[in-house]
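*Asks:* structure of the sequence below:
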Amino acid sequence: MATLLAFDPAAETHVSDTGWAVVQYESNSPPVLVESGVISGGFQGFLEWSRSQTPELLDAGCCWLGGEMVFFDQVICEQWVDYGGYVDTSPRLIEGVIRYLWQDVVLQPSKALQMVTANDLKALGWYTTEGHHRDAMSSIRHILYYLRSIRHKPTLRLLSE
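*Replies:* Reported below is the predicted structural model:
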């Protein structure tokens, strides 16, 4: 069984949340949402969370989330992309911390979120409004997009129903 950990980075402001989700899957079984949540406090909150993790934990493929030890095989993170116009670039700060902590992180543009809808999550029973901008849901959507992009057949079937 493989475990995926995904992050949706917050903006720098303290009212912004970083969404996270943990999903497990096997090659011939539908994915299972283990847990999701947010790290509050914007960039400073994420920095404090990252400082609470030890290098030994991170190197062993685990970290503390939601008050529990989470083991994972792959980290996925939304990558900030400049689509033009004025936008807040501060999520790049958290993206940088994540890229520092996990050099083999899979980066995905925010446009990936358009490929997995809120209705898809409602059908799976995975819909959540947790976070300033439903950030926990965004991290779940990134995991499903990742599974879709690696052509995980049970996920493809789930998303086509």
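*Asks:* helices or strands up against the helix or strand bottoming out on mean pLDDT in the chain?
*Replies:* Using mean pLDDT, DSSP states H and E, helix 118-124 stands out as the lowest-scoring helix or strand of the chain, at a mean of 86. Judged by 3 or more Cβ pairs under 8 Å, 6 or more residues apart in numbering; DSSP states H and E, helix 118-124 is in contact with helix 135-149, helix 153-160. (C-beta placed from N, C-alpha, C; glycine too.)
*Asks:* which one of those lies closest to Thr54?
*Replies:* Ranking the helices and strands packed on helix 118-124 by distance to Thr54, with Cβ to Cβ as the measure, places helix 135-149 first at 22.6 Å.
*Asks:* give me the contact list for the closest one.
*Replies:* 4, 6-8, 10, 17-21, 23, 25, 31, 33, 36-38, 74, 76-78, 106, 108, 112-113, 115-116, 118, 120-121, 126-131, 155-156, 159 (Cβ atoms under 8 Å, 6 or more residues apart in numbering).
*Asks:* just the buried residues from these, in ChimeraX please.
*Replies:* In ChimeraX, this line selects whichever of the contacts of helix 135-149 come out buried by 16 or more other Cβ atoms under 10 Å:
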select :4,6,7,8,10,17,18,19,20,21,23,25,31,33,36,37,38,74,76,77,78,106,108,112,113,116,120,121,126,128,131,155,159
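*Asks:* please list the members of the contacts of helix 135-149 that lie in helices.
*Replies:* 118, 120-121, 155-156, 159 (DSSP state H).
*Asks:* include distance to Gln44 when you put the residues you listed into a markdown table, please.
*Replies:* A markdown table is the format used below for these (distance: Cβ to Cβ, whole Å):
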| residue | distance to Gln44 |
| --- | --- |
| Ala118 | 29 |
| Asp120 | 33 |
| Leu121 | 29 |
| Thr155 | 35 |
| Leu156 | 39 |
| Leu159 | 36 |
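*Asks:* may I ask which two of those residues are separated the most?
*Replies:* Ala118 and Leu156 (18.8 Å).
*Asks:* beta partners for the nearest residue to His142 once chain neighbours are set aside?
*Replies:* Of all residues not flanking His142 in the chain, Ala6 sits nearest, at 4.4 Å (Cβ to Cβ, 6 or more residues apart in numbering). Residues in a beta bridge with Ala6, per DSSP bridges, are Ala21, Ile76.
*Asks:* show the pLDDT at Ala6.
*Replies:* pLDDT for Ala6: 96.
*Asks:* so how far is Asp73 from Met1?
*Replies:* The gap separating Met1 from Asp73 is 9 Å, by Cβ to Cβ, to the nearest Å.
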